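Visitor: Sharing a sequence plus its predicted fold:
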Amino acid sequence: MEPVLLGAVTILALLEQAYFSLQVIYARRKYKVSPPNTSGPPEFERVFRAQVNCSEYFPLFITALWTSGIFLHQGLSCVCGLLYLYGRLQYFWGYAASSQGRLAPLYFCAKALWALIGCSSVGVVLSFCRMYLKVDLLQITASALR
Amino acid sequence: MEPVLLGAVTILALLEQAYFSLQVIYARRKYKVSPPNTSGPPEFERVFRAQVNCSEYFPLFITALWTSGIFLHQGLSCVCGLLYLYGRLQYFWGYAASSQGRLAPLYFCAKALWALIGCSSVGVVLSFCRMYLKVDLLQITASALR
Amino acid sequence: MEPVLLGAVTILALLEQAYFSLQVIYARRKYKVSPPNTSGPPEFERVFRAQVNCSEYFPLFITALWTSGIFLHQGLSCVCGLLYLYGRLQYFWGYAASSQGRLAPLYFCAKALWALIGCSSVGVVLSFCRMYLKVDLLQITASALR
């Protein structure tokens, strides 16, 4: 398996983060908040915190995306990944508009991330059983259902 | 080598981060600190900073875990990784209780992380010598000791 | 391809982050800013923000480095990676000295990171065409130029 699709989603995620960083730079200029300050009018602080939150979750997302993609299924992981990235965009715009506006997309992102963590776990358990216990759970399930 | 054990430790790390994030949400409710604010009573700020610190180190940890696991030894890396994750849990609980309480587990985590960085370095040097200099340092050492 | 060079640049990046973290610890002692506080004299805040900014970009950097190295070219990615790490060091020292001093190296780092994202994108597009469309764009370009 060549992880081309995972690579494509990864690049999208990088571009999204770059977009968020640029928005903070614009907000710093607009509201005249020079580094190293991070406090200012609520409009600025919301954009700033939105970007910080997205950055904080970026490594969790990339880690879960690749673990799930490598151990379970590339295509499925990429679908969850795209949903997550879409949710993050909504989150950023929503948070920039109002504190309340961040909530719905945040729950959406959390669900997509949990889906990736769930897929990772299933994938790792399946691989573990196959490698160390010489048991192919997928095949056993398939036989049982037949 | 299929990196199943690295995958398992990675998932544990993701779950631990999820647990820390939930604790911040509970602390926000308990001490009535609504986003985008991050200042509040010291009890809240300690939980918040503990989570920020763990998030900040998460990518360093994952990077060192996998570099060490791929280039040197999967099992050894996973042991260091589990120690690190255990230390982080103690750190989080200790910091939530008092500023002082974060120190001992922080030093413990730092040691586990340095062990992973050390293993990564040894692994990369060995691989480099094998690939580019056609020298197998492990075999040379083994012969010298015989 | 064994990603030894990517591994080496990754370890350098980890060591650089460790160096930045130590600088914050020294600055906390020097300016007597105890955790969980993050506010203090501007000299402290600049060192603190410099480290936060480097930590925030660390996962983006590692992700772009490996995506570019795996999908396009290991050596090229490592050169960009080394430039980025050199820029980050200049950024940290510059920011510690003055807010203004962070700007030139920050633009330099941004260029190195964009180069990595660009290489990643080219690599993923080439791999995608080869895998899913059975088209080798590199060979076509080479033939056209002959």
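Guide: Looks like it came in fine. Numbering: from 1, shown residues only, chains lettered A, B, ... in the order given.
Visitor: The helix or strand encompassing residue A:53 versus helix B:42-71: what angle between them?
Guide: Taking DSSP states H and E as the criterion, residue A:53 maps to helix A:42-71. Put simply, helix A:42-71 runs at 30 degrees to helix B:42-71, going by axes from the mean of the first three to the mean of the last three C-alpha atoms, to 10 degrees.
Visitor: which helices and strands does helix A:42-71 pack with?
Guide: Counting contacts by 3 or more C-beta pairs under 8 Å, 6 or more residues apart in numbering or on different chains; DSSP states H and E, helix A:42-71 packs against helix A:4-30, helix A:74-97, helix A:103-132, helix B:4-30, helix B:42-71, helix C:42-71. Where you see a C-beta, it was placed from the backbone N, CA and C, and this is true even at glycine.
Visitor: got a markdown table for those, with mean pLDDT too?
Guide: Below are the helices and strands packed on helix A:42-71 laid out as a markdown table (pLDDT from 0 to 100):
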| stretch | mean pLDDT |
| --- | --- |
| helix A:4-30 | 96 |
| helix A:74-97 | 97 |
| helix A:103-132 | 96 |
| helix B:4-30 | 96 |
| helix B:42-71 | 96 |
| helix C:42-71 | 96 |
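Visitor: returning to what we had before: work out the gap between the helix holding residue A:53 and the centre of the chain.
Guide: 6 Å (C-alpha atoms, centre = their mean, to the nearest Å).
Visitor: Other residues contacting stretch A:97-115?
Guide: With C-beta atoms under 8 Å, 6 or more residues apart in numbering or on different chains as the contact definition, stretch A:97-115 has outside contacts at A:46, A:50, A:57, A:60-61, A:64, A:80-81, A:83-84, A:87-88, A:90-91, A:93-95, B:34-36.
Visitor: Just want the most central residue of chain A.
Guide: residue A:61 (3.6 Å; C-alpha atoms, centre = their mean).
Visitor: so how far is residue A:67 from it?
Guide: 11 Å (C-beta to C-beta, to the nearest Å).
Visitor: what do those two both touch?
Guide: Contacts common to residue A:61 and residue A:67, judged by C-beta under 8 Å, 6+ apart, are residue A:116.
Visitor: in the helix holding residue A:53, what counts as buried?
Guide: Within helix A:42-71, the residues that count as buried by 16 or more other C-beta atoms under 10 Å in any protein chain shown are A:44-71.
Visitor: circling back: for the helices and strands packed on helix A:42-71, give me CSV that also has distance to residue A:141.
Guide: Output for these, formatted as CSV (distance: least, C-beta to C-beta, whole Å):
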stretch, distance to residue A:141
helix A:4-30, 26
helix A:74-97, 17
helix A:103-132, 10
helix B:4-30, 19
helix B:42-71, 30
helix C:42-71, 33
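Visitor: Now residue A:35. Its backbone dihedrals?
Guide: Main-chain dihedrals, residue A:35, degrees, to the nearest 10: phi -60, psi 150.
Visitor: thinking residue A:13 is in contact with residue A:63, fair?
Guide: No - the criterion here is C-beta atoms under 8 Å, and residue A:13 misses it with residue A:63 at 11.6 Å.
Visitor: On the pLDDT front, check residue A:144 for me.
Guide: Note for residue A:144: predicted pLDDT of 86.
Visitor: Pretty sure residue A:72 sits against residue A:125.
Guide: No - Residue A:72 is beyond contact range of residue A:125, at 9.8 Å (criterion: C-beta under 8 Å).
Visitor: Next up, the contacts around the residue nearest to the centre of chain A.
Guide: A:13, A:81, A:84, A:113, A:116.
Visitor: Could you pull up the residues touching the nearest residue to residue A:15 once chain neighbours are set aside?
Guide: Nearest residue to residue A:15, sequence neighbours excluded (C-beta to C-beta, 6 or more residues apart in numbering or on different chains): residue C:117, at 7.1 Å. By C-beta under 8 Å, 6+ apart, residue C:117 lies in contact with A:11, A:14-15, A:18, C:64, C:68.
Visitor: Would you mind measuring from residue A:28 to residue A:52?
Guide: Distance, residue A:28 to residue A:52, by C-beta to C-beta: 13 Å.
Visitor: Could you double-check that residue A:10 lies in contact with residue A:62?
Guide: Yes - with contact defined as C-beta under 8 Å, residue A:10 counts as touching residue A:62 (6.5 Å).
Visitor: quick one: contacts for the closest residue to residue A:44 other than its chain neighbours?
Guide: Of all residues beyond its chain neighbours, the one nearest residue A:44 is residue A:31 (4.0 Å), with distances taken as C-beta to C-beta, 6+ apart. Contact analysis of residue A:31 by C-beta under 8 Å, 6+ apart lists A:40-41, A:43-44.
Visitor: State the pair within those that is farthest apart.
Guide: Across these, the longest distance by C-beta to C-beta is 8.1 Å; it joins A:40 and A:43.
Visitor: Any idea how far apart the tips of stretch A:29-43 sit?
Guide: From its first residue to its last, stretch A:29-43 covers 12 Å (C-alpha to C-alpha, to the nearest Å).
Visitor: What residues of that stretch count as buried?
Guide: A:33, A:35-38, A:40.
Visitor: can you check stretch A:115-131 too?
Guide: Residues of stretch A:115-131 classed as buried: A:115-117, A:119-121, A:123-130 (neighbour count, 16+ other C-beta under 10 Å).
Visitor: Please name the residues that touch the residue lying closest to residue A:10 once chain neighbours are set aside.
Guide: Leaving out its chain neighbours, the residue that sits closest to residue A:10 by C-beta to C-beta, 6+ apart is residue C:67, at 5.4 Å. Going by C-beta under 8 Å, 6+ apart, residue C:67 touches A:7, A:10-11, A:14, C:116, C:120, C:123-124.
Visitor: What is the burial count for the closest residue to residue A:50 other than its chain neighbours?
Guide: Setting aside the residues directly before and after it, residue A:50 is nearest to residue A:95 in space (C-beta to C-beta, 6+ apart), at 3.9 Å. Neighbourhood size, residue A:95 [other C-beta atoms under 10 Å in any protein chain shown]: 25.
Visitor: Quickly note the distance from residue A:95 to residue A:105.
Guide: If you measure residue A:95 against residue A:105 using C-beta to C-beta, the figure is 8 Å.
Visitor: Check residue A:55 too.
Guide: On the measure of C-beta to C-beta, residue A:55 and residue A:105 end up 16 Å apart.
Visitor: cool, residue A:117 as well?
Guide: From residue A:117 to residue A:105 the distance is 18 Å (C-beta to C-beta).
Visitor: can you check residue A:133 too?
Guide: Counting by C-beta to C-beta, the gap from residue A:133 to residue A:105 is 41 Å.
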